[in-house]
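S.K.: Provide a 3D model corresponding to the input given below.
(one chain, ligands or ions: 1)
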Amino acid sequence: MISVAQLAEKIQAGDKRAIARGLTWVEKATPEGRELVRSIFAKGGQAHVIGITGAPGVGKSTLVNALTLTLRARGHRVGILAVDPSSPFSGGAILGDRIRMQESVMDPGVFMRSLASRGHLGGLSRATFGALAVLDAAGFDKILIETVGAGQSEVEIMQLAHTTLVVLAPGLGDDIQAIKAGILEIGQIFVVNKADRDGADHTVRQLKTMLTLGSETLDWVPPIVKTVAEKSEGIGEVADAIEQHRTFLFQRGLFQDRRLVQTEHMIEQSLADEVARRLADARQRPVWRQWIEAVSHGELDASQVALAIIETREEDSDGLKHLK
Ligand code: GDP
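M.R.: From the prediction side, this is the model:
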């Protein structure tokens, strides 16, 4: 079995098999995975993390493929994480789409991986954070996180990005969807894809109106870029907008700040995960039933039980009994 230090070294050398293995450790949340993330996190911090979100069918995957080729042509190394908060299965639908990525598979400057929720959202944003740390340490300077699905989960994943692209397409009632998901607030760049279809200009106008309504205090004015991802039209403009946003973040010192925001978010996430895990453990123990009874009879306070659960350490096999 390879050690964490050996794996970290290979990852930093850009070895694709090592990267894949590291990502598996991270995704499974093994102790080695956690140690790996801790040891490589400090080695990274250079990568520009770009979130790409929007309703299913707007053309995100197609856009990611086209953007990857453009970024490669500009000399970047591109890591891609396709994150699916709605699917409990790894792979599946997203992987199907990836057949189109094959031209990049042989390219050592591109690495692509799907991450799925396995039914546990907090775990997913932690896995995404860990996966980012791995790709960052491996020297991918542009990391694209594509999310499928909509809503809170997406917003949470997007907190990990420096720059978020919201993708819309004409004729999908996107305006309504966008407002619903609170997605306008998280977007720094708006892409109206399928510009070859009727209604693209209408979508752009609607978007402009909505963005001006909420933008009095913004000093970054989110650009709206029209694309035909299928024909790679407008992709250069998307890449330019991404670069402009990076420059903007650097000039304000916000690029570095984002790392602190990410770190803080991950501490909160880990805490929530840990509490959930301890609660699940406590429920498996005989004392759980006794506690419920004791609280219901007024012998114990619910908050005493809560504290006992939080204070239980893994090595403390009977830690849960001390209240009785
Ligand atoms: P996703 O679900 O957002 O990832 O969307 P996909 O990238 O899978 O694209 C959904 C469908 O839209 C596919 O059939 C694409 O071929 C098609 N598509 C993507 N980009 C364009 C475009 O610019 N114009 C048109 N007409 N179709 C597109």
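
S.K.: Now do the SS call for residue 221.
M.R.: Secondary structure state of residue 221, per DSSP: H, G, I helix; E, B strand; the rest coil, is coil.

S.K.: Residue 211 versus that one, what's the distance?
M.R.: Relative to residue 211, residue 221 is positioned 8 Å away (C-beta to C-beta, to the nearest Å). Every residue, glycine included, has its C-beta placed from N, CA and C.

S.K.: Mind checking which of these two has more residues around it?
M.R.: residue 211 (17 against 10; other C-beta atoms under 10 Å).

S.K.: a helix runs through the more buried one, doesn't it?
M.R.: Yes: assignment of residue 211 by three-state DSSP places it within a helix.

S.K.: how many neighbours does the closest residue in space to it that isn't next to it in sequence have?
M.R.: Closest residue to residue 211 apart from its sequence neighbours, by C-beta to C-beta, 6 or more residues apart in numbering: residue 222 at 6.0 Å. Using other C-beta under 10 Å, residue 222 has 20 other residues around it.

S.K.: Which residues are in contact with residue 222?
M.R.: 187, 188, 189, 190, 211, 215 (C-beta atoms under 8 Å, 6 or more residues apart in numbering).

S.K.: at 10 Å what do you get?
M.R.: 164-166, 184, 187-190, 207-208, 211, 215, 241, 245 (C-beta atoms under 10 Å, 6 or more residues apart in numbering).

S.K.: what do you get for residue 228?
M.R.: Neighbours of residue 228 in contact, by C-beta under 10 Å, 6+ apart: 59, 62, 63, 66, 193, 194, 195, 196, 197, 200, 234, 235.

S.K.: Go through those and flag which are in helices.
M.R.: The helices, defined by DSSP state H, take in 62, 63, 66, 200, 235 from those.

S.K.: Close to the ligand: what parts of the stretch 101-250 of the chain are there?
M.R.: For the stretch 101-250 of the chain, the contact set with the ligand under C-beta under 6 Å from any ligand atom comprises 193, 194, 196, 197, 228, 229, 230.

S.K.: ok so, going back, just the buried subset of the contacts of residue 222, please.
M.R.: For these, a burial check counting by 16 or more other C-beta atoms under 10 Å picks out 164, 165, 166, 184, 187, 188, 189, 190, 207, 211, 241, 245.

S.K.: would you turn those into JSON lines with secondary structure and pLDDT?
M.R.: As requested, the buried ones among the contacts of residue 222 are exported to JSON lines (DSSP: H, G, I helix; E, B strand; the rest coil; pLDDT from 0 to 100):
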{"residue": "164", "secondary structure": "strand", "pLDDT": "93"}
{"residue": "165", "secondary structure": "strand", "pLDDT": "94"}
{"residue": "166", "secondary structure": "strand", "pLDDT": "91"}
{"residue": "184", "secondary structure": "helix", "pLDDT": "74"}
{"residue": "187", "secondary structure": "coil", "pLDDT": "88"}
{"residue": "188", "secondary structure": "coil", "pLDDT": "91"}
{"residue": "189", "secondary structure": "strand", "pLDDT": "95"}
{"residue": "190", "secondary structure": "strand", "pLDDT": "94"}
{"residue": "207", "secondary structure": "helix", "pLDDT": "84"}
{"residue": "211", "secondary structure": "helix", "pLDDT": "78"}
{"residue": "241", "secondary structure": "helix", "pLDDT": "98"}
{"residue": "245", "secondary structure": "helix", "pLDDT": "96"}
